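Student: need a structure here:
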Amino acid sequence: MLNPIILILTIIFDRIIGELPEKVHPTVWIGKLISFLENIFKSTNCKNKYRDFLFGSLNTIITIFVVGVVAFYVEKYIMLLLFPLNYLVYAFLLSTIIGYKSLFNFCKKPIEFIKNGEIENARKAVQHIVSRDASKLDKEHILSAAVESLSENITDAIIGALFYAVIFGLPGAFTYRAINTLDAMIGYKNEKYLYYGRLAARLDDVANFIPSRLAGILLIITAPVYGGSVKKAVYGFFKEGGKVPSPNSGYTMATLANALNITLEKIGYYKLGSGKIDVEKSLNAFKAVDCVVFAFIILYTIIWLIL
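Tutor: Residues are numbered from 1 along each chain as shown. You can find the predicted model right below:
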């Protein structure tokens with residue numbers, strides 16, 4: 001099992017360094033591999049759904065296999081290094097596939113603009129993190145979009161990779177990131193990827209099933225620390241977690257919305273929670289993410305010490 005010290009170092013590296021330049025970023029390399037394979041196994045744009053599924057599955061399986069094998073051997077050689085260099089290198093590499101700092105940076109921008117009364121800049125900033133048209137969103141829906149993106153990505157950006165790292169080491173974490181990247185690139189329900197990205201999308205759903213619910217439970221447990229209600233968080237998790245079209249993201253979104261007594265709404269798709277959202281409560285959502293991360297580390301440390 002992974003030493004908890006490595007997890008702590010991982011968080012420190014991410015919060016200090018943040019995202020690496022694209023030329024040396026592992027996720028970018030994974031994306032390039034997916035694009036390379038996509039040029040070999042081309043989609044027919046639904047003209048032949050069986051071929052699309054086969055070629056998309058080959059892209060998915062080869063990507064996962066290559067990333068997993070490379071991570072396995074990298075981990076093997078890292079552990080040959082002397083302590084503490086092996087821990088430092090391991091933690092640094094693990095930090096490159098979580099997006100703790102970058103998630104905060106992107107999601108805080110629109111909230112800060114709202115705080116300063118710059119609604120047009122807030123709309124432009126929030127458009128970078130959501131797919132919906134933000135050009136006419138009011139203040140409450142801009143704040144909602146920012147907190148939605150933050151709470152939805154607790155799993156994808158942080159907890160998912162850490163969860164698989166503590167169980168399967170670097171190969172587990174990097175394989176998770178490969179699946180996540182595949183879903184982000186080819187897991188769309190459009191003409192080109194409807195069948196081509198089906199396996200990638202399903203694998204992403206499976207990979208996030210436990211981490212998303214674990215993150216939701218940690219949001220419940222830590223609610224008093226970030227100014228939330230445990231009772232309302234429990235209600236959100238069990239009663240509204242399944243309201244979102246995604247089988248996983250709703251659990252963190254609904255739990256946080258109810259815990260903080262705010263409303264998160266994507267017009268025409270879902271509405272979570274019931275309270276009025278404001279800047280102060282929106283900023284408390286970032287405290288909630290910190291609480292989830294540290295609670296995860298504490299929980300894992302206890303398990304590690306027992307075992």
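
Student: Show me where the stretch 51-200 of the chain has its helices.
Tutor: 85-95, 100-115, 119-127, 139-153, 160-186, 198-221 (DSSP state H, counting those that start in this stretch).

Student: a markdown table please, covering these and showing mean neighbour count, distance to D133 and mean pLDDT.
Tutor: The C-beta positions use only the backbone N, C-alpha and C, and glycine is treated the same way. Listed next are the helices of the stretch 51-200 of the chain as a markdown table, based on neighbours: other CB atoms under 10 Å; distance: least, CB to CB, whole Å; pLDDT from 0 to 100:
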| stretch | mean neighbour count | distance to D133 | mean pLDDT |
| --- | --- | --- | --- |
| helix 85-95 | 19 | 34 | 97 |
| helix 100-115 | 20 | 14 | 96 |
| helix 119-127 | 19 | 8 | 95 |
| helix 139-153 | 24 | 11 | 96 |
| helix 160-186 | 23 | 20 | 97 |
| helix 198-221 | 21 | 24 | 97 |
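
Student: what is the mean pLDDT for stretch 47-58?
Tutor: Mean per-residue pLDDT for stretch 47-58: 96.

Student: Dump that stretch to CSV, restricted to CA.
Tutor: Extracted in CSV, the C-alpha atoms of stretch 47-58 (Å, rounded to 0.1, in the frame of the first residue of the first chain):
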residue,chain,number,x,y,z
LYS,A,47,-22.2,5.3,-41.1
ASN,A,48,-21.0,1.9,-39.7
LYS,A,49,-21.8,1.7,-36.0
TYR,A,50,-20.2,-1.7,-35.6
ARG,A,51,-16.9,-0.5,-37.1
ASP,A,52,-17.1,2.7,-35.0
PHE,A,53,-17.5,0.7,-31.8
LEU,A,54,-14.7,-1.7,-32.8
PHE,A,55,-12.2,1.0,-33.7
GLY,A,56,-13.1,3.2,-30.8
SER,A,57,-12.7,0.2,-28.5
LEU,A,58,-9.3,-0.5,-30.0
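
Student: quick one: P247 and A184, what's the gap?
Tutor: Distance of P247 to A184, computed by CB to CB, to the nearest Å: 16 Å.

Student: Using JSON lines, lay out the helices of the stretch 51-200 of the chain together with distance to V28.
Tutor: Formatted as JSON lines, those follow (distance: least, CB to CB, whole Å):
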{"stretch": "helix 85-95", "distance to V28": "15"}
{"stretch": "helix 100-115", "distance to V28": "13"}
{"stretch": "helix 119-127", "distance to V28": "22"}
{"stretch": "helix 139-153", "distance to V28": "18"}
{"stretch": "helix 160-186", "distance to V28": "9"}
{"stretch": "helix 198-221", "distance to V28": "18"}
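
Student: Please name whichever of the ones you listed is nearest to T27.
Tutor: Nearest to T27 among the helices of the stretch 51-200 of the chain is helix 160-186 (5.9 Å), distances taken as CB to CB.

Student: Against which helices or strands is the closest one packed?
Tutor: If you count contacts as 3 or more CB pairs under 8 Å, 6 or more residues apart in numbering; DSSP states H and E, helix 160-186 packs onto helix 4-17, helix 26-40, helix 49-78, helix 85-95, helix 198-221, helix 279-306.
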